[in-house]
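Trainee: got a sequence here, can you model it:
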Amino acid sequence: MRGKRIVFESKGQATLVEAAVPAPGPEDIVIENDYTVISAGTERANLLQLPNTVTVEKGFPYFPGYSGAGRVCAVGDQVDTFKVGDRVVVNWGGHRSHTVKHASNFLKIDDDSIDLLDAAFAPIAAFSFLGVRKLQIQLGESAMIAGLGILGVFAVQLAALSGATPVLALDFDAKRRELALKLGADAAFAPDDKDLIDKVKAATGGDGPNAVVEVSGSAAALQQALEYIAWEGRISLLGCTRVSDTPIDFYKYVHRRGISLIGAHTFTRARHESAPGRWTEMDDYRTFLKLVAAGKLQTRPLISEIISPEEAPSAFARLANADSTPLGIVIDWRTTR
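Mentor: Below you'll find the model as predicted:
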């Protein structure tokens with residue numbers, strides 16, 4: 001069987017290519033992907049071979065894509081947990097028409113009310129779950145989400161669901177600030193507001209937020225967060241700060257004030273059993289699906305556009321040259337069947 005996939009062949013060059021779909025091994029399943037979601041920040045960084053990326057470490061070709069959803073179209077001889085036709089969340093499967101992996105890598109979607117377009121966001125949203133969970137927000141604590149890309153907009157919703165009050169949001173883009181307000185933020189600010197520190201502290205009763213999810217990946221944004229955060233506050237570093245281009249006075253802003261800086265890379269997850277602040281990927285996927293089914297977590301406002309696989313190379317070209325990344329670009333693979 002033949003399928004299609006996206007490959008970064010060289011720096012700045014994304015291509016749609018034909019690829020063989022292997023038969024499943026005894027414990028594998030084959031998925032026909034309905035949708036995959038572009039993780040704009042991560043995939044742009046690898047496309048451009050920015051510092052601290054896989055393409056810097058290993059070079060090209062690189063196969064992007066880690067978030068999607070589809071249907072089982074074949075199962076290995078020893079698989080008894082899935083059957084043809086089951087709908088699943090696809091993680092780390094690439095932007096491709098078909099994904100073949102060990103059955104343990106997939107989560108079955110049992111709730112028929114959940115659309116696969118929503119389910120395709122589960123692996124991306126799980127990053128935001130991690131960034132919020134690691135802060136262990138207590139009811140009534142204040143929280144700031146710094147950076148309103150796709151992870152930040154999910155984090156706004158999750159901080160509100162966790163009981164943070166108020167939930168604040170920070171981004172240069174006025175439309176993203178407006179979206180954050182619609183999805184649960186109590187106030188939203190621009191990082192270049194000359195009165196930002198005073199306004200953030202005023203919105204939190206004078207102390208600053210107790211918890212900050214830093215999603216922008218900017219060292220300057222981290223420095224700014226250290227200036228407005230409350231005494232003994234916690235900052236989860238969810239965004240990938242790939243370039244340390246801003247000096248930070250750690251004594252003044254971290255050590256003396258008792259600030260906790262918490263790494264929230266997905267590779268820090270618990271692998272087998274969830275614990276407070278450290279849930280497994282699969283447990284976060286399950287929670288995501290429950291919240292979506294209950295109408296408590298929204299994905300559709302995060303969709304910038306839905307494109308065909310043939311349009312994907314030009315979408316990546318636009319992404320490479322963009323001043324700011326879009327929220328959620330979804331690739332619809334159903335057209336390849």
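Trainee: give me the mean pLDDT for the host helix or strand of Y285.
Mentor: Using DSSP states H and E, Y285 sits in helix 281-293. Helix 281-293 comes out with an average pLDDT of 97.
Trainee: could you export that helix as PDB, CA atoms only?
Mentor: Taking C-alpha atoms only, helix 281-293 is exported to PDB below (Å, rounded to 0.1, in the frame of the first residue of the first chain):
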ATOM      1  CA  GLU A 281       0.700  11.300  28.200                       C
ATOM      2  CA  MET A 282      -2.200   8.800  28.000                       C
ATOM      3  CA  ASP A 283      -3.800  10.000  31.200                       C
ATOM      4  CA  ASP A 284      -3.700  13.600  29.800                       C
ATOM      5  CA  TYR A 285      -5.200  12.400  26.500                       C
ATOM      6  CA  ARG A 286      -8.000  10.800  28.400                       C
ATOM      7  CA  THR A 287      -8.600  14.000  30.500                       C
ATOM      8  CA  PHE A 288      -8.500  16.100  27.300                       C
ATOM      9  CA  LEU A 289     -11.200  13.900  25.700                       C
ATOM     10  CA  LYS A 290     -13.400  14.100  28.800                       C
ATOM     11  CA  LEU A 291     -13.100  17.800  28.900                       C
ATOM     12  CA  VAL A 292     -13.900  18.200  25.200                       C
ATOM     13  CA  ALA A 293     -16.900  15.900  25.500                       C
END
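Trainee: that one - contacts with which helices or strands?
Mentor: If contacts are counted by 3 or more CB pairs under 8 Å, 6 or more residues apart in numbering; DSSP states H and E, helix 281-293 sits against strand 87-91, strand 106-108, helix 116-119, helix 122-133. C-beta coordinates here come from the backbone N, C-alpha and C atoms, glycine included.
Trainee: pull up the pairing partners for the second one, direction included.
Mentor: What that stands for is strand 106-108. Sheet pairing of strand 106-108 (DSSP bridges) gives strand 87-91 (antiparallel).
Trainee: contacts for the partner strand?
Mentor: Contacts to strand 87-91, defined as CB atoms under 8 Å, 6 or more residues apart in numbering, come from residues 29, 31, 33, 36, 66-72, 82, 99, 105-109, 116, 119-120, 122-123, 281, 285, 289.
Trainee: stretch 153-164 too?
Mentor: For stretch 153-164, contacts defined as CB under 8 Å, 6+ apart pick out 121, 124-125, 127-129, 131-132, 137-143, 145, 148, 167, 169, 176, 179-180, 183-185, 211, 213, 215, 238, 291, 296-298, 301-302, 327.
Trainee: any quick ChimeraX command for the buried ones out of these?
Mentor: Applied in ChimeraX, the following selects the buried portion of the contacts of stretch 153-164 according to 16 or more other CB atoms under 10 Å:
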select :121,124,125,127,128,129,131,132,137,141,142,143,145,148,167,169,176,179,180,183,184,185,211,213,215,238,291,297,298,302,327
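Trainee: quick one on the thing from earlier: of the helices and strands packed on helix 281-293, which stretch is the most buried?
Mentor: Compared across those, helix 122-133 shows the largest average neighbour count, a mean of 26 (mean count of other CB atoms under 10 Å).
Trainee: got the confidence number for the residue positioned nearest the centre of the chain?
Mentor: By CA atoms, centre = their mean, the mean C-alpha position of the chain lies nearest to I124, the distance being 3.4 Å. pLDDT recorded at I124 is 97.
Trainee: look up the closest residue to it, ignoring the ones flanking it.
Mentor: Excluding the flanking residues, the one nearest I124 by CB to CB, 6 or more residues apart in numbering is S67, at 4.4 Å.
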